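J.: Below is the structure, and that's it, no one-letter string:
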């Protein structure tokens, strides 16, 4: 029983090291891409309580619960700061449901979003467009 427990702990530790390495590489890629395109602000979704609000299948449940959103955001923040790039957080509500043309809120069917105004795109791209175009009132200023 002890050897089984030790094996599980070792596996979990290895998985955490791999995930941390992936977060470092991904955050570096995000910041390098921003620098290459002269981007001064990186916008991230504010993903608090994502684990409790997301519905997942059994197959995806483990990957959702082992990924550290906070750690990735922290890595992006400190690497962006070193590069002179600001990081802003955006409310993720409805980002993949709001048409950037008409402003209508409509659920995407499957992976594609089709608005009544005729606009259509992949829902992940729609979310990225809406995050990019978002403005929020933070403190005493608007972000864009």
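T.: That came in fine, so what should we check first? Being a predicted model, the structure only gives us computed values, none of them experimental.
J.: tell me which element residue 87 falls in.
T.: strand 86-90 (DSSP states H and E).
J.: That strand pairs with which strands?
T.: strand 41-45 (parallel) (DSSP bridges).
J.: For the protein, which segments count as strands?
T.: 41-45, 86-90, 112-114, 120-122, 136-138, 141-143 (DSSP state E).
J.: Any chance you could list what contacts the strand holding residue 87?
T.: Residues outside strand 86-90 that contact it (C-beta atoms under 8 Å, 6 or more residues apart in numbering): 40-46, 73, 76-77, 80-81, 131, 134, 136, 138, 143. All C-beta spots, glycine's among them, are computed from the backbone N, C-alpha and C.
J.: List only those of those flagged as buried.
T.: For these, a burial check counting by 16 or more other C-beta atoms under 10 Å picks out 42-45, 73, 76-77, 80, 131, 134.
J.: Relative to residue 27, which of those residues is nearest.
T.: Nearest to residue 27, judged by C-beta to C-beta, of the buried ones among the contacts of strand 86-90 is residue 76 at 4.5 Å.
J.: any idea of the pLDDT on that closest one?
T.: If you check residue 76, the pLDDT there is 96.
J.: got a list of what the residue nearest to it when sequence neighbours are not counted touches?
T.: Computed as C-beta to C-beta, 6 or more residues apart in numbering, the closest residue to residue 76 that is not its neighbour in sequence is residue 27, at 4.5 Å. Residues counted as contacts of residue 27 (C-beta under 8 Å, 6+ apart) are 72, 75-76, 79.
J.: pLDDT below threshold where in this structure?
T.: 1-2, 4, 6-8, 48-67, 136-144 (pLDDT under 70).
J.: Can you show me the helices along it?
T.: 2-36, 50-53, 58-66, 69-82, 123-133 (DSSP state H).
J.: could the ones you listed go into TSV alongside distance to residue 106?
T.: Converted to TSV, those look like this (distance: least, C-beta to C-beta, whole Å):
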stretch	distance to residue 106
helix 2-36	29
helix 50-53	20
helix 58-66	25
helix 69-82	26
helix 123-133	10
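J.: tell me the contacts of residue 94?
T.: 105, 130.
J.: can you give me phi and psi for it?
T.: Main-chain torsions, residue 94, degrees, to the nearest 10: phi 70, psi 10.
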